[in-house]
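1. based on what follows, work out the 3D shape:
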Amino acid sequence: MLKEFKDFAVKGNMVDMAVGIIIGAAFGTIITVLVADVLTPFLSLLMNGADFSNMNYVLKEGAVVTGPYTTIAAAQEAGAITVNYGKFIQACISFVMVAFVLFLIVKNIAKLKKKAEDEAVTPANEVLLAEIRDLLKK
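-> This is a model prediction of the structure:
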């Protein structure tokens, strides 16, 4: 059983998958920071500083302090029950931005791959065979 586990754990596909998952997690962090710290401030600037994260609807006023509440944290401290729809809007905006950034990255990687394939050197024997084929056609 130990030998079977060792064979399973060190298979090429398993190691490749593990490396892919680790690289994917690191890449996910890069994309998250790009969206949160680079793109979102520009979006906020375009929307006159709108901050969706604190938008909420109060279902039940707090027992300690009644509204209006300036932040979700203030509402929760007061014991209010809120629907935090602003966080949902923020998550949707972040999703669209992340998806768009990934689309651009994947599109450019595919373009570079295609360019590399087009520039690939054809082996000499294939060139020779193609010339022979063309001469036979004539």
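2. make it CA atoms for all contacts and neighbour counts henceforth
-> Will do.
3. read off the pLDDT value for the residue nearest the centre of the chain.
-> Nearest residue to the geometric centre of the chain (CA atoms, centre = their mean): Val98, 4.8 Å. As predicted, Val98 sits at a pLDDT of 80.
4. element containing it, please.
-> Assigned by DSSP states H and E, Val98 belongs to helix 85-118.
5. by contact count, what packs against that helix?
-> helix 12-33 (3 or more CA pairs under 8 Å, 6 or more residues apart in numbering; DSSP states H and E).
6. hmm, try it at 10 Å
-> helix 12-33, helix 40-46 (3 or more CA pairs under 10 Å, 6 or more residues apart in numbering; DSSP states H and E).
7. out of the ones you listed, the one nearest Leu135 is which?
-> helix 12-33 (44.8 Å; CA to CA).
8. elements contacting that closest one?
-> helix 2-9, helix 85-118.
9. Lys137 is nearest to which of the ones you listed?
-> When these are compared by CA to CA, helix 85-118 sits nearest Lys137, at 25.5 Å.
10. what's the first helix or strand after that closest one?
-> By DSSP H and E, the next helix or strand past helix 85-118 is helix 124-137.
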